[in-house]
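> Using only what follows, build the 3D model:
(one chain, ligands or ions: 3)
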Amino acid sequence: MIKGVVQGVGFRPHVFRVARDLALTGFVKNTSSGVCIEIQRQACIDTMDLYDRFIASIKISLPPLASITDIKMVPITPLLHELSFEIIASEQGETNTLISPDVCICSLCLSELFDPCSHYYRYPFLNCTNCGPRLTITHQLPYDRAHTSMACFPLCHDCSLDYSDPMNRRYHAQPTACMHCGPQLSSSIGEIAQWLSEGKIVALKGLGGYQLICNAQHETTVMKLRTQKQREAKPFALMVLNTVSAAEWVEMSSHAEAFLNRQERPIIVLKKKNRRLLPGISPDLSSFGMMLPSTPLHYLLFHALLAYPEGTRWIDEKQSIVLVVTSANIAGEPLIIDDVRAIEALSDIADRIVSYDRAIVTRVDDTVISMIDDTPMLIRRARGYVPQPIRLPKKMPSILAVGAHSKNTICITRGDEAFVSQHIGTLDNQETIRFFHETLDYWLSFLKVNPVGIAHDLHPDFYTTQIAHAYGLPTFAIQHHHAHLAAVMAEHHCQGPVLGLILDGYGYGENGEAWGGELFLCTSTLGFQRLASLMPLAQPGGEIAVREPWRMGAAILHQLGLSHDIPYRFKKVAQAPMIRQLLDKQIRCPVTSSCGRLFDAASALLGIDPFSQYEGQAAMKLESLVTTLQSIPNGWEMKGDYLDFTRTMSVLVNIEDSVLGANLFHGTLIEGLSAWVKQWAKETGVSTVVLNGGCFLNQVLTSELIKSLQNHGIKPILPIQLPPNDGGLSLGQAWIAGSHFRAVSPTLMMRG
Ligand code: ZN
Ligand code: ZN
Ligand code: FE
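Ligands and ions are numbered 1, 2, ... in the order given. I've put the predicted structure just below:
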């Protein structure tokens, strides 16, 4: 019996070929928990040697999408009259296994795509067992064609020969199809390429949702896209044909290059070669989000834009084409997947809408990664990664965690596996809330689990909290930063004691305070204690300050006794004179220990935009200015349970050069945080620290803090399989709730 990702990935034909090569008889079949193989030897061969060779051969040339987690062997009585090796029908009642994520076109399919003799020549939806769509087309398990949106495309004669031949790469490739029997585009590739070269914006139905595409070098088109999408400044992702072409635009280490080429095909945030390149793509930032083509459709588009070169050599050669490829959605809403909705919502944004007649069942956005030195860090986890589970240290009863309010994901546990959903979004509009419910229903039925408890955020007013209580199951309210900490502990199988430095924008504190720059001690998953925090600052106007960093700048000026300076410094802001009164009288000025707001304050004092167009913009711009880290002597102090950067701020107030200011702020912040952790490590005797929270998306902060802590003999651990922002929160919620269950009711484990 073999367990792992072994179904829907060409595993049975692989076993079939190995068995035939070794002249074995027997069978292979899918069961509810994996793949069951029975083999018999020929009398003349030594048994032990044969089994070893069989297993070794299976492991050596494993199909690209398959992975084995467990192999169990049992001797059986030889069966007489067994003359061949066969693939036999699946057992009923399956299946407990999983499908692989959607992955990019494989090299064999890519050659066929441009081979005039191939049955699949220039077919935009070709795929095989090693590649192509999976989760995005699947309604339910088991993963059979009838359960996917390919069900309405009967195979033609040629395709069905491939599909039913165990020696063929398309044996049981559920989405396989060709020009004669499969989905069709609503416009030709030639037309789309023509439109793009004319400077038009095309909304193209991609794998996990619609994408808006245009020529990134047409400045006016890019500006038109910004205006029509009402997206003034937020960066657009770029697509180039290969890594040689990417090297024209961004700096890449060999690690980053390898990641761009991976079958998950994430967007990778990489440093611009030159800040003047493509000015409309990521204004005022030092990086581009870069990706390579992932579907046959993308490759065909490049082929047409290059005027149909022959053969396949052009695929690896440097090409100057660079496209904007961005998610097609209405600001703040989920990616559009429905064809009717696309026409409604995208007609005003795109010049042309191109669809095809296969439904996208599950919306999956692009995955985004940044590189911290040579280690990848997820920013958004979706296509290529989902539905791969995260392995937990122990089995636990099934928990549903409904996640954070912003960058929501949900998490469902099954035994020792935790399934974190694709990125859903911020639950502040009807469309995202609908997607949240669709995702909940989809995953619960997909995984066939009945949760015994629901974990939610401690915030009493969040939508997720209300939903959690509507299930009528035991609920667990989990403090936001405790969940951030536990997510990393779960992923790293870390039992504690461990320190946790959690730096983010906002989380509801244990007594309702606004937290976001906290140092914790976790003696175990449940033994959670807040040791200290950043010095709380006034947040004038409350939540609105998140979009208006100037308010945090004003709060600092007030704190330094420089209130009179507020209207002069923020001349362009109409409300600036009024804020003085709010601060003087402490009206609508809740305090926050948030590190995100500290970044906002620094950027506002250094004259960076008073308003943010998108979340984190001020901090990202500030980070982009850093050239060489510098620090302010005595720029920070530890005052009891607080780490205070007031002195740093008092220096920034008088600095005109924003680059110098960014260098000083980052350098001093890193030094202060590092000394703070070191102090508490000494006090508690705990020298491992979890670093998590959205602020760790700042590459300068993360990379330098890691080095500094290591120099002090402290071991930092960070999220690897999930993003540090709220997208990873649901795992922590689930792990804490599961640990509560384990602690109070071990018998529940039997049911879980
Ligand atoms: Zn393939
Ligand atoms: Zn066909
Ligand atoms: Fe957070």
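
> How about the residues of the chain by ligand 3?
Contacts of the chain with ligand 3, taken as C-beta under 5 Å from the ion, map to 504, 726. In this view, the C-beta of every residue, glycine as well, is placed from N, C-alpha and C.

> For the chain, list the residues in contact with ligand 2, please.
Where the chain comes near ligand 2, counting by C-beta under 5 Å from the ion, the residues are 156, 159, 178, 180, 181.

> how about a cut-off of 6 Å?
For the chain, the contact set with ligand 2 under C-beta under 6 Å from the ion comprises 155, 156, 158, 159, 177, 178, 180, 181.

> which one of the residues you listed has the most neighbours?
When neighbours are taken as other C-beta atoms under 10 Å, the top entry among the residues of the chain next to ligand 2 is residue 177 (25 neighbours).

> For ligand 3, what is the nearest residue in the stretch 651-752 of the chain?
residue 726 (4.5 Å; C-beta to the ion).

> Quick check: chain neighbours aside, which residue is closest to that residue?
In space, and not counting its chain neighbours, residue 726 is closest to residue 404: 3.6 Å by C-beta to C-beta, 6 or more residues apart in numbering.

> I'd say residue 602 and residue 663 touch.
No - contact criterion C-beta atoms under 8 Å: residue 602 and residue 663 do not qualify, at 11.4 Å.

> quick one: low-confidence parts of this structure?
Low-confidence segments of the chain (pLDDT under 70): 42-48, 91-97, 745-752.

> which bits of it sit near ligand 1?
Counting by C-beta under 6 Å from the ion, the chain sits next to ligand 1 at 106, 108, 109, 127, 128, 130, 131.

> Number of residues surrounding the last one?
Read that as residue 131. Counted with other C-beta under 10 Å, residue 131 comes out at 27.

> How about it: what's its closest non-neighbour residue?
Residue 131's closest residue in space is residue 106 (C-beta to C-beta, 6+ apart), at 3.8 Å.

> Could you do residue 346 as well?
residue 203 (4.4 Å).

> Identify the bridge partners of the one you found.
Beta bridges link residue 203 to residue 212, residue 353, judged by DSSP bridges.

> Next, the contact list for it, please.
Residues near residue 203 by C-beta atoms under 8 Å, 6 or more residues apart in numbering: 210, 211, 212, 213, 328, 342, 346, 349, 350, 352, 353, 354.

> Looking at those residues, spot the one nearest residue 53.
residue 211 (47.1 Å; C-beta to C-beta).

> Report the contact partners of that closest one.
Contact analysis of residue 211 by C-beta under 8 Å, 6+ apart lists 203, 204, 205, 325, 326, 327, 328.

> Make TSV from these and add secondary structure to it.
What follows is the contacts of residue 211, written out as TSV (DSSP: H, G, I helix; E, B strand; the rest coil):
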residue	secondary structure
203	strand
204	strand
205	strand
325	strand
326	strand
327	strand
328	coil
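
> Just the buried subset of those, please.
Buried members of these, counted by 16 or more other C-beta atoms under 10 Å: 203, 204, 205, 325, 326, 327, 328.

> quick one, helices of the stretch 251-400 of the chain?
254-261, 296-305, 339-346 (DSSP state H, counting those that start in this stretch).

> The first one - contacts with which helices or strands?
In this structure, helix 254-261 packs against helix 243-246, strand 267-271, strand 368-372, strand 375-380, with contacts taken as 3 or more C-beta pairs under 8 Å, 6 or more residues apart in numbering; DSSP states H and E.

> one more time with 6 Å
strand 267-271 (3 or more C-beta pairs under 6 Å, 6 or more residues apart in numbering; DSSP states H and E).

> Would you list the phi and psi of residue 722?
Phi and psi for residue 722, reported as degrees, to the nearest 10, are phi -130, psi 160.

> which among the contacts of residue 211 gets closest to residue 220?
residue 326 (16.8 Å).

> How many residues are close by residue 566?
Residues lying near residue 566 (other C-beta under 10 Å) number 24.

> Let me see the contact set for it.
Counting by C-beta atoms under 6 Å, 6 or more residues apart in numbering, residue 566 touches 554, 557, 576, 580.

> quick one: which two of those are the most distant?
So, the contacts of residue 566 by C-beta to C-beta: farthest apart are 557 and 576, at 10.3 Å.

> Tell me which of these two has more neighbours.
Neighbour count, other C-beta under 10 Å: between residue 557 and residue 576, residue 557 has more, with 26 against 19.

> how near is that one to residue 547?
Distance from residue 557 to residue 547, counting by C-beta to C-beta, to the nearest Å: 19 Å.

> which SS state does the residue in the chain that ligand 3 sits nearest to fall under?
The nearest approach of the chain to ligand 3 comes at residue 504, 3.6 Å away (C-beta to the ion). Put simply, residue 504 is strand when judged by three-state DSSP.

> which residues touch it?
Contacts of residue 504 (C-beta under 6 Å, 6+ apart): 516, 693, 694, 695.

> Of these, which belong to strands?
residue 516 (DSSP state E).

> In the contacts of residue 504, which residue is surrounded by the most others?
Result: residue 693 is most packed of those (other C-beta under 10 Å), 30 neighbours.

> and the closest residue to residue 11 other than its chain neighbours, how many neighbours does it have?
The shortest distance from residue 11 to any non-neighbouring residue, by C-beta to C-beta, 6+ apart, is to residue 66 (5.0 Å). When neighbours are defined as other C-beta under 10 Å, residue 66 has 21 of them.

> Quick check: residue 66 vs ligand 1, distance?
Counting by C-beta to the ion, to the nearest Å, the gap from residue 66 to ligand 1 is 14 Å.

> Equivalent analysis for residue 238, please.
25 Å.

> Would it be right to say that that residue lies in a helix?
No - remark: residue 238 does not belong to a helix; assigned using three-state DSSP, it is strand.

> residues touching it, list them.
Residue 238 neighbours (C-beta under 6 Å, 6+ apart): 216, 288, 290, 322.

> what two of these are the furthest from one another?
Greatest spatial distance among those (C-beta to C-beta): 216 and 290, at 10.8 Å.

> Just give me the neighbour total for the closest residue to residue 1 other than its chain neighbours.
Spatial nearest neighbour of residue 1, excluding adjacent residues (C-beta to C-beta, 6+ apart): residue 72 at 4.7 Å. As a burial measure, residue 72 scores 9 neighbours (other C-beta under 10 Å).

> Wait, residue 72 touches residue 33, no?
No - the pair residue 72 / residue 33 is not scored as a contact, 10.3 Å apart, by C-beta atoms under 6 Å.

> Let me know whether residue 551 touches residue 545 as I believe.
Yes - proximity of residue 551 to residue 545 meets the contact threshold set by C-beta under 6 Å, at 4.1 Å.

> Phi first, then psi, for the residue nearest the centre of the chain.
Nearest residue to the geometric centre of the chain (C-alpha atoms, centre = their mean): residue 381, 1.1 Å. With angles defined as degrees, to the nearest 10, residue 381 sits at phi -100, psi 120.

> tell me the contacts of it?
367, 723.

> mind redoing it with 7 Å?
367, 423, 722, 723, 727 (C-beta atoms under 7 Å, 6 or more residues apart in numbering).
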